[in-house]
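Chemist: Next comes the sequence, and after it the predicted model I'd like to discuss.
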Amino acid sequence: AQSVSQHNHHVILSEAASLELGCNYSYGGTVNLFWYVQYPGQHLQLLLKYFSGDPLVKGIKGFEAEFIKSKFSFNLRKPSVQWSDTAEYFCAVNAKAAGNKLTFGGGTRVLVKP
Amino acid sequence: DAGVTQSPTHLIKTRGQQVTLRCSPKSGHDTVSWYQQALGQGPQFIFQYYEEEERQRGNFPDRFSGHQFPNYSSELNVNALLLGDSALYLCASSQPLTSGTGELFFGEGSRLTVL
């Protein structure tokens, strides 16, 4: 069975700072990788996804993530955060052999101070 | 185009009671999955329905059951509620398994409090 771990539970940073959230998964087969974001009071929304091809993927709102297969990692980055990026971020893995079932990490709560 | 809609948004039950949560998938989606998100944790997969049948199930007891209707909407039922069932229950829909890419679209959830 696959599992996902996110390195930080809470991150606090100031506007314009750079953000990097770590995500590692354990699964030996082919995977699809996702980052979802949950803004306060809103539903989970997809930030970006990786299925195949270029391991550096770009998502909405200036976010990007890099898939490093040898490290089983899919870290999320944003060069310069804004106050509106305050949210909880979830990494998720879908083993291609497991249909559409997603396994989520525990989430990282990000607070951006204005 | 309506996204995934869930009802009710909030509800309070007492231990031992039963609850039914409802979900309508995004237009064009035929697969519905249910997740439980306890406070401070990531969503945990409960089960998935496709063609009115349960296709996959996570590590949840039989007290958790579901149903999918011909119009692809779905219900989640939880019997004999425990305090630990208090959580946000998320419904997610996706495209047909044969053509989809694993991307899920989530509703806003039903927050269940068990007293």
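Modeler: Alright, I've got the coordinates. Numbers count the residues shown, from 1 in each chain, chains lettered A, B, ... in the order given.
Chemist: how about the helices in chain A?
Modeler: In chain A, no segments count as helices under DSSP state H.
Chemist: so where's it shaky on pLDDT?
Modeler: A:98-99 (pLDDT under 70).
Chemist: leaving aside the residues next to it on the chain, what's closest to the closest residue to chain B within it?
Modeler: Nearest residue of chain A to chain B: A:Phe104, at 3.5 Å (CB to the nearest CB). Where you see a C-beta, it was placed from the backbone N, CA and C, and this is true even at glycine. Nearest non-adjacent residue to A:Phe104, counting by CB to CB, 6 or more residues apart in numbering or on different chains: B:Gly42, 3.5 Å away.
Chemist: per-residue pLDDT, that neighbour?
Modeler: You'll see B:Gly42 listed with a pLDDT of 93.
Chemist: Look up how far A:Tyr89 lies from it.
Modeler: Going from B:Gly42 to A:Tyr89 by CB to CB, to the nearest Å gives 10 Å.
Chemist: same question, B:Thr20
Modeler: 31 Å.
Chemist: Compare the two and say which is more crowded by neighbours.
Modeler: Taking neighbours as other CB atoms under 10 Å in any protein chain shown, B:Thr20 and A:Tyr89 compare with A:Tyr89 leading, 23 against 15.
Chemist: Now for that one: which residues touch it?
Modeler: A:Gln6, A:Leu21, A:Trp35, A:Tyr36, A:Val37, A:Gln38, A:Leu47, A:Leu76, A:Gly107, A:Thr108, A:Val110 (CB atoms under 8 Å, 6 or more residues apart in numbering or on different chains).
Chemist: Now, those that are in strands?
Modeler: Applying DSSP state E to the contacts of A:Tyr89, the entries found in strands are A:Gln6, A:Leu21, A:Trp35, A:Tyr36, A:Val37, A:Gln38, A:Leu47, A:Leu76, A:Thr108, A:Val110.
Chemist: Tell me the residues that contact both of B:Gly42 and A:Tyr89, please.
Modeler: What both B:Gly42 and A:Tyr89 touch, as defined by CB under 8 Å, 6+ apart, is the set A:Gln6, A:Gly107.
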